[in-house]
Every structure is written in structure tokens, then in C-alpha cells.
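Undergrad: coords please:
(chains A, B, C and D)
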Number of protein chains: 2
Amino acid sequence: MPRLAPQMPAVLAENAFALFGRNGFDAVTIDEIAARAGVTKGSFYSHYKSKREIVLAACQHYYRAYQQNAHRAIAGLRDPLQRLRAIVEMSVRTCVVDQSTRVFTTEIFALSLKDEQVRSGWLQFYDSVRELYIGLLAAAKAAGQAHVDDPRAAVDLMLAAIEGVKLRAVYEPHIACPAEQRTIVGGLMSILQGQTCPQPGNR
Amino acid sequence: MPRLAPQMPAVLAENAFALFGRNGFDAVTIDEIAARAGVTKGSFYSHYKSKREIVLAACQHYYRAYQQNAHRAIAGLRDPLQRLRAIVEMSVRTCVVDQSTRVFTTEIFALSLKDEQVRSGWLQFYDSVRELYIGLLAAAKAAGQAHVDDPRAAVDLMLAAIEGVKLRAVYEPHIACPAEQRTIVGGLMSILQGQTCPQPGNR
DNA sequence: CGTTTAAGATACTCATGGGTATCCTACATG
DNA sequence: CATGTAGGATACCCATGAGTATCTTAAACG
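TA: The predicted model follows:
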């Protein structure tokens, strides 16, 4: 084992993620990824054996970062409804407001239409997120803070709405402003809680 | 003006749409589009001057088809709530169930991240759809069939949910089954009507 | 202190596909 | 019936970027 490089695969994956999130998968070349990580194409291929592999690695990088954010967001909170709201707010903040995340996930959708492994990776990630939400919602319901019949259906619909809002943000960047964010979080929470639906400004 | 070809641009656009909806923009070559329309690349370029132009034409083709479907769906109906429900059902049917539409719109999202004209075209389309929904919802509200405070916000959230459901359908094809469709339509309607939220099976 | 080994650099190959140059052909017109 | 014109066909160019072959270098190890 020669020089300095056990962390090189991770460094490449991070840089690939950053570039993919700015320009999309196709527009980013191996040379760019390698250059951004401070190496050349030759050594890139001694860590990853194809472009597809670095794409998969970048996806894993994203999934891990999301999970960390999620658990950090609810770490200090005890109240079930507060925990639910905190994670919804975190999702809106990172998924909707951050341009790079929007681009990256949009690319994942496009690619997963053609690549089974990308698709199954996303599905696994999505399932874990869904289960997390269902658990939080069930706890809120048990505490009498939500009145929805079928937590699973409510979570599915709410997650769908988040994805849709994310797409809309591509076209209407004003969604990123705090007031809009609050409206969105309110609408999403009302889907989860199962009462008075999208009425802006229900805190 | 020589032979038979005033309809050639439209023929090319239709065939391009079909291929794009199956394989995505990048994977489809000009040769394929031309061949499917019964001509060769040379004559393709006498109708469209770049690949980008045929993509834009295919988008217009899609937008027009959607509008036609929408107005056909509500043509014979008088009751405001029925009209609203009919168009939601149509959207779920064509957007969520049809694989080709899913692929095509996903590609539009990915491309509009990079192409201003694609983005503004979609935005215009989206606005017209939104206004249509808002009008229908306002009518339903006036008839006492919906109780939402802000129809615009409700429509935005509902449309976001449709987009999200469409993406989910890529990963979970069982969404296409009639029972799931009914659940989804029910959830979407409850967002619009502004009462008891996602409870499966509310007709 | 040489030998091994793998990270890294350099310089290629080569398939792909968008775009173009050019020729052909049929129809409309005078 | 000649001629101009535009749709259509054929053959080509060429930029791009993934992947590879091969050389170099420095750390680890006996």
C-alpha cells in the first residue's frame, strides 16, 4: 500500500456529488471530477471502474447526508408533534431551498428510469424515510396530536407533495422565501395531522 | 413547393414525443426520430434546425394533448364538484398511470434545469393548468362543495402532490391499480376540498 | 536498500451522434 | 417542356468524452 489515499474514494464521491448537483450527471466529465479532487483521470479509474459507479457512490453520499440531517434535527426534541414538525421543516429547507439538492434528486429520477440499481437504491432510501415519518406520526397520533386514520397513506401523500414542491421550486424560486416556506410546512403538516387542510398560516 | 410534407414537422414532433417518452431525450438520436417518421436525417434538418428544436416541439405537442384531454374530460359535466373530480381523475390516469408520460415529464424537469426556454414553456403550461383548477375549485366552493380558505394554495399543494405521486409511480408501479388510484384521487380531492384529509376510501 | 505494489500521471483509442455539404428528384409554374 | 425550388437521401466531418495502456513514483516491507 503506497501513498496517501484510503480516503480518496470518499473524496471523489463528495466532489462528484457537488458537480452533479450543479450540472447534472451527463454534463459532468470524469476529468472534471478527478480535477476537482486534485487527481487525474488515470487515478480516478483506479478507484472507480466506470462513471456509473461514481454516480452510485454520489447517491449513497447524498442518502447518508440526508439521514444524518434528519436524525440531528429531531435529536434534542421530546414532544412528538415538535419532532414531526422539525423533520418536515428540515426536509423543506434542504430539499426545497437548496438548488444543488434539487438538481441532484431530479437527476436521480431521470436516471432511475433507465438504471435498475439507481432505482432500487432510491427506493431503499425512500422506504427508510417513509418509515421514519410513519413512526413519528404514529407517536403524534398516540399523543392525540394528529387525527389521521391511516398514517401510512398520509405520509405517502405528504412525501409526494414534498417532491412536487421541490420540482415547483425549480420554476418558481420565490418558494425559497421564509413566508412561502412557512405556508408549505403548514400545508404539509395539515396533510399529516388530518384536519383543516391547506390554510396558509396555521401554526 | 414539391412533394408531400406540410404535415412533416408535426409528424416528426409526434414521433419524437413517442421516442422521448420511451427512452428519454439523450438516448434518442435524430436518426431514430427521422427513421420512425419515415425519412432520413437530411430531411429532418430541413424541418428542424437542431435537436433542441425538436425537443421543444415535442413539449408543445404534449402540452396541447394534455389541454385537449382536460377540456374533453369536463365537457359534458355541469356539477362543479363532478367537474373537479373528473379532471383530477383524468390527471391521475394520464400522468400517473401512463409510463410514457411519466418518462417524458421527468425528462422535462431534468432538462429545464439547464434550458431556459424549456423551463419557461413548462411554466406557461403549468400556469394554465393551475388557473383551470383554481377556476373549478372556486366554482365548487361557491356551490358549497369545498371549504378551503385559499383555493390557490390548495391547488398548488394538490398539483405538487400529483407530481410527487407521478415520481413515486416510477418506483412503485402498483400505484397504477384501480384501488390505489381511487385512494390517490381521494387524497387529492381532500386537499382541494379542505376537510377530513387523507383517509382512504372517501368517495 | 532493493523489490514489490498500488496510487497517480500521460497519452492515447474509439464509439457515438449532432450537424453539414452535396446531390437527387418531383412538382409547380411560365 | 425547361427551370427553379424545396423536400428528401447519402455521405461525410468532427467534437466530445468514456475508457485503456503504459509509464512513473513513493511508501511499505523483508
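
Undergrad: for the biggest helix by length in chain A, packing partners?
TA: Secondary structure of chain A per DSSP state H: the longest helix is helix A:116-142. Helix A:116-142 is packed against helix A:51-74, helix A:80-91, helix A:99-112, helix A:151-171, helix A:178-193, helix B:151-171, with contacts defined by 3 or more CB pairs under 8 Å, 6 or more residues apart in numbering or on different chains; DSSP states H and E. Just so you know, the C-beta spots here come from the backbone N, C-alpha and C atoms, and that holds for glycine as well.

Undergrad: Let me know which of those helices is the nearest to A:G144.
TA: Across the helices and strands packed on helix A:116-142, A:G144 has its closest neighbour in helix A:80-91 (9.5 Å, CB to CB).

Undergrad: what about the residue lying closest to A:E14 once chain neighbours are set aside, neighbour count?
TA: Nearest non-adjacent residue to A:E14, counting by CB to CB, 6 or more residues apart in numbering or on different chains: A:H61, 6.2 Å away. Look at A:H61: counted by other CB atoms under 10 Å in any protein chain shown, it has 20 neighbours.

Undergrad: now A:H61: how far from A:E107?
TA: Taken as CB to CB, to the nearest Å, the spacing of A:H61 relative to A:E107 amounts to 14 Å.

Undergrad: average pLDDT for stretch A:173-183?
TA: For stretch A:173-183, mean pLDDT is 90.

Undergrad: Also stretch A:136-149?
TA: Mean predicted confidence for stretch A:136-149 is 96.

Undergrad: Report the buried residues of that stretch.
TA: By 16 or more other CB atoms under 10 Å in any protein chain shown, the buried positions in stretch A:136-149 come out as A:L136, A:L137, A:A138, A:A139, A:A140, A:K141, A:Q145, A:A146, A:V148.

Undergrad: Over to stretch A:66-83?
TA: For stretch A:66-83, by 16+ other CB under 10 Å, it's A:Y66, A:A70, A:A73, A:I74, A:P80, A:L81, A:R83.

Undergrad: The longest helix of chain A vs DNA strand D: in contact?
TA: No. Using CB under 7 Å from any atom of the strand, helix A:116-142 never reaches DNA strand D; the gap is at least 14.1 Å.

Undergrad: roughly how far is that helix from the heart of the chain?
TA: 12 Å (CA atoms, centre = their mean, to the nearest Å).

Undergrad: quick one: it to helix B:151-171, angle?
TA: Inter-element angle recorded for helix A:116-142 and helix B:151-171: 130 degrees (by axes from the mean of the first three to the mean of the last three CA atoms, to 10 degrees).

Undergrad: pretty sure the residue nearest to A:E14 is touching A:F17, no?
TA: Yes. In this structure, A:H61 is within contact of A:F17 by CB atoms under 8 Å, at 5.0 Å.

Undergrad: which regions of chain A lie under the pLDDT threshold?
TA: Applying pLDDT under 70 to chain A flags residues A:1-5, A:195-203.

Undergrad: again, only using 50
TA: Scanning chain A for pLDDT under 50 picks out A:1-2, A:196-203.

Undergrad: Which single residue of it approaches DNA strand C most closely?
TA: In chain A, the residue that lies nearest DNA strand C is A:G42 (2.4 Å; CB to the nearest atom of the strand).

Undergrad: tell me the phi and psi of that residue?
TA: phi -50, psi -50 (degrees, to the nearest 10).

Undergrad: returning to that earlier point: let's have the helices and strands packed on helix A:116-142 in TSV, adding distance to DNA strand C.
TA: Shown next, in TSV, are the helices and strands packed on helix A:116-142 (distance: least, CB to the nearest atom of the strand, whole Å):
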stretch	distance to DNA strand C
helix A:51-74	14
helix A:80-91	35
helix A:99-112	16
helix A:151-171	24
helix A:178-193	37
helix B:151-171	23
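
Undergrad: Alright, I will stop here.
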